[in-house]
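Q: A structural model of the following input is requested.
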Amino acid sequence: MTNTTRKARELKNRQIETALRIEQHQTGEEGFRATLETLISVASRAADIFERSKTEQKRQLVAFVFSNLKLRGKKLEFSLRSPFDLMVNRATYAEWLGNLDSNQD
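A: The predicted model follows:
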């Protein structure tokens, strides 16, 4: 096999590998988008879902959203599980954007 043929074969293999990686990323992005949409939908209806749920389902929902629940006197202490903590604290992320320039809406 000549050097040219070998190099052409290597390049073709790299092209196939790159195409497969691109496809995997696109598929992963679609899956992530669907999961995110479902999560936002459930989060936006959480109060209604909770009200309609039976006791065991309420426990599961609370355990899914919160961790480290503690009652200290009349004060409830808790931590939000990821990604709910990010959703609640999203207002602080505006700081990451910096100032918008005149070309941005």
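
Q: could you list the low-confidence segments of this structure?
A: 89-105 (pLDDT under 70).

Q: next SSE downstream of the helix or strand containing residue 32?
A: Using DSSP states H and E, residue 32 sits in helix 3-44. Sequence order places helix 46-52 as the next helix or strand after helix 3-44, per DSSP H and E.

Q: which helices and strands sit right next to that next one?
A: Counting by 3 or more C-beta pairs under 8 Å, 6 or more residues apart in numbering; DSSP states H and E, the packing neighbours recorded for helix 46-52 are helix 55-65. Just so you know, the C-beta spots here come from the backbone N, C-alpha and C atoms, and that holds for glycine as well.

Q: what are the buried residues along the helix it packs on?
A: Using 16 or more other C-beta atoms under 10 Å as the test for burial, helix 55-65 gives residue 65.

Q: one more: stretch 20-40?
A: In stretch 20-40, counting by 16+ other C-beta under 10 Å, buried: nothing.

Q: and it, how far out from the chain's middle?
A: 10 Å (C-alpha atoms, centre = their mean, to the nearest Å).

Q: hmm, who's touching that stretch?
A: Residues outside stretch 20-40 that contact it (C-beta atoms under 8 Å, 6 or more residues apart in numbering) are residue 83.

Q: next, name the residue at the spatial heart of the protein.
A: residue 36 (5.4 Å; C-alpha atoms, centre = their mean).

Q: measure that one to residue 84 for me?
A: With the distance defined as C-beta to C-beta, to the nearest Å, residue 36 ends up 13 Å from residue 84.

Q: and residue 41, by the same measure?
A: For residue 41, the distance to residue 84 (C-beta to C-beta) stands at 14 Å.
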